[in-house]
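Trainee: fold the following and give me the result.
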Amino acid sequence: MLWNRGKTLFGGRYTIERKLGEGGIGITYLAKNQQGQMRVIKTLKEAILNHPIWRAQQNKLRQDFRDEAVRLAVCRHPHIVQIENIFDEHSIPCIVMEYIEGEDLGHYLLRKNKLPENEALLYIKQIAEAVIVIHQKGLLHRDIKPRNIMLRSGQQEAVLIDFGIAREFIPNVVQKHTVYRTPGFAPPEQYEMEAARGEYIDVYGLAATLYSLVTGAVPTTAEDRRHDILLQEPKQLNPHISHNVNRAIMGGMALQPENRPQSVKEWLNLLLSDVEEDYISVPPTQISQPPAQQIVSPNLTVIAKTHYWQCVHTLKGHASMVHTVAISPNGEIFASGSSDNTVKLWQLKNRKLLRKLGGWFAGHSSMIHSLAFSPNGKILASASWDETIKLWLVNSGKEIRTLVGHSNGINSVTFSQDGQLLASSSGDCTIKLWLVSSGRTLRTFTGHSDSVWSVALTPNGELLASGSSDYTIKLWQVKTGQEILTLTGHSFFVNTIALSPDGELMASGSGDYTIKLWQVKTGQEIRTLTGHADSVWSVAFSPDGELLASASWDRNIKIWQVKTGKQLASLSGHTNYVRAIAFSPDGLTLVSGSDDDTIKIWQRI
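Mentor: Numbers count the residues shown, from 1 in each chain. Sure thing, here's the model as predicted:
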């Protein structure tokens, strides 16, 4: 029996929108929960449960299905699909999961033929980190392949789905597992009813997936390889991939389990060893040791004289990833926005929580992606993936108004210097200019061909800059909406841009691991800063314009000298992606937000 649009489940908590698809024994629906958020409901086909062949196995089918939900629910990670609920509807088990808008990596690969190495590595590293969490929970996924990886629409984020054949394992102990595999992505052990099990099974799946991404081809099956049919090296199919990637793929796909890296971490070290040497080593000439008589604490990071930075506090007030932080113009408070759909206001000096804005029944209904204080510090703007911007009174926490007009999640907001205008950028490929006093849309800027991740206004209010997933930065005339310049040079998504206090320089951070500095008037590239080992997600100039801070998915924050491009310090301490960074007005404090659900306060001493 199919559930039609409008059908309510679990006592009215979920309403069916439409059927998404079906497989051999399962069917998935798109539904809305009571908060109006889209969810995926996966359930067993009633026809299968009642089929004569399966009738005797009904209870086992139901239990196996519920077990999938339980296994998935304990694996919490940004790159693992999240479970919201498990329930039975008239004896039919249902799993409610987050809805990931986008397409699976298999379909994406069909469109692209093959992926550039840096893009393929970005997705593989994300999924590998998710698999590490799965293994820590004593589980094997056993079905890693492009079709089981979703790409969030307009983003650089891959999410592992489908835990239907995930199973518990004890390392290297012979266990019985269901004989199920996807040819080309499954190792020889999955062709056996009984075999030793270990992390090396998923290492094979990760390596085979990377093989497919960089070549556009499905690898030779393990069964064929055992019958002496050769697996071509990926470099033979794509001569442009690096020796390091070729070596890691072949090592991860070794037929004998003992010849593969024995853990995902070990395989990642093999895969990324050359990359890390290229990107994160610091030339000795840049390192200046502190005087012998000075005691430096273990949390202190220094790479040049007078640039001692220390993490002085870690705040754990959010229930999920911290995507954005902003410091008020007077430096007394700062705001943080999170995937828990809330905005929090904190005192910067004593780190006390002042108030929470929004929640389950008020405020935003999806993650907060950007925050900005008005120049007088009285208003806070919050941008969310619920397609709205909200304006809040800082002193009271009261919501002033909600700005509606974008047709996709909103990625960035910024005020004009006089506080009268607000600019926003969105996954709908547009930038909008709003009148703060009324919430009216003044102008829409169109020209980008993909999601616009970041927007900035020059101090004089004449120019607007935007960075996009189309790899470009555009400069616009605010008064007319006319596009003035398109800046090219990055080889992957432009995630973030920032203007210097005088408006003469612009910094951009990209998924190509680099930061570029540009002259705003001419659009000329001044220099490229290299040093991060993963996507650069946030950049910020110090108030005097002499320093630039950058936050990266490599879990580090770096401080750069703008004039020379030299790296002055590298701050480590976050245990997951660092997405946000902000300078205090005196330039002596940094606030950072991370996917490890924490905010860190750093001070220059």
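Trainee: so where's this structure uncertain?
Mentor: 1, 23-25, 47-58, 68, 164-181, 193-195, 273-307, 359-362 (pLDDT under 70).
Trainee: where's residue 392, which helix or strand?
Mentor: strand 388-393 (DSSP states H and E).
Trainee: how far out from the middle of the chain is that strand?
Mentor: Averaging C-alpha positions (C-alpha atoms, centre = their mean, to the nearest Å) puts strand 388-393 24 Å from its chain's average.
Trainee: now swap in stretch 227-242 and tell me
Mentor: The answer for stretch 227-242 is 30 Å, by C-alpha atoms, centre = their mean.
Trainee: can you give me the end-to-end distance of that stretch?
Mentor: Across stretch 227-242, the terminal residues are separated by 29 Å (C-alpha to C-alpha, to the nearest Å).
Trainee: stretch 207-224 too?
Mentor: 17 Å.
Trainee: same thing with stretch 426-442?
Mentor: 16 Å.
Trainee: buried set for that stretch?
Mentor: By 16 or more other C-beta atoms under 10 Å, the buried positions in stretch 426-442 come out as 426-434, 436, 439. Quick note: C-beta positions are derived from backbone N, CA and C, even for glycine.
Trainee: from these, which land in helices?
Mentor: Judged by DSSP state H, those include no members of helices.
Trainee: which residue lies nearest the spatial centre of the protein?
Mentor: Nearest to the geometric centre of the chain sits residue 157, at 4.6 Å (C-alpha atoms, centre = their mean).
Trainee: buried residues in the strand holding residue 392?
Mentor: Neighbour-count burial for strand 388-393 flags 388-392 (criterion: 16+ other C-beta under 10 Å).
Trainee: need the next SSE after that strand, C-terminal direction.
Mentor: strand 399-404.
Trainee: angle of that following strand against strand 388-393?
Mentor: If you take axes from the mean of the first three to the mean of the last three C-alpha atoms, to 10 degrees, strand 399-404 sits at 160 degrees to strand 388-393.
Trainee: before we move on, back to that, the strand holding residue 392 pairs with which strands?
Mentor: Within its sheet, strand 388-393 is paired with strand 379-384 (antiparallel), strand 399-404 (antiparallel), according to DSSP bridges.
Trainee: buried deepest among those strands, which one?
Mentor: Mean neighbours per residue, mean count of other C-beta atoms under 10 Å, is largest over those for strand 379-384, with a mean of 26.
Trainee: farthest-separated two in the buried residues of stretch 426-442?
Mentor: 429 and 436 (23.6 Å; C-beta to C-beta).
Trainee: mind jotting down where the helices sit in this structure?
Mentor: Counting by DSSP H, the chain has helices at residues 46-50, 52-55, 58-73, 105-112, 117-136, 200-215, 222-226, 234-237, 243-252, 264-280.
Trainee: which of these sits closest to residue 575?
Mentor: Taking these one by one with C-beta to C-beta, helix 117-136 is closest: 10.9 Å.
Trainee: could you dump the buried residues of strand 388-393 to a markdown table with distance to residue 339?
Mentor: Shown next, in a markdown table, are the buried residues of strand 388-393 (distance: C-beta to C-beta, whole Å):
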| residue | distance to residue 339 |
| --- | --- |
| 388 | 16 |
| 389 | 17 |
| 390 | 16 |
| 391 | 21 |
| 392 | 19 |
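Trainee: return the member of these nearest to residue 264.
Mentor: residue 388 (38.6 Å).
Trainee: residues contacting the closest one?
Mentor: Shown in contact with residue 388 (C-beta atoms under 8 Å, 6 or more residues apart in numbering): 364, 402-404, 406, 410.
Trainee: who's it bridged to?
Mentor: Judged by DSSP bridges, the bridge partners of residue 388 are residue 404.
Trainee: now it: how far from residue 36?
Mentor: Separation of residue 388 from residue 36 (C-beta to C-beta, to the nearest Å): 12 Å.
Trainee: doesn't residue 430 make contact with residue 446?
Mentor: Yes. Assessed by C-beta atoms under 8 Å, residue 446 is found in contact with residue 430 at 5.5 Å.
Trainee: burial measure for the closest residue to residue 94 other than its chain neighbours, as a count.
Mentor: Using C-beta to C-beta, 6 or more residues apart in numbering and skipping the chain neighbours, the partner closest in space to residue 94 is residue 43 (4.6 Å). Residue neighbour count, defined by other C-beta atoms under 10 Å, stands at 21 for residue 43.
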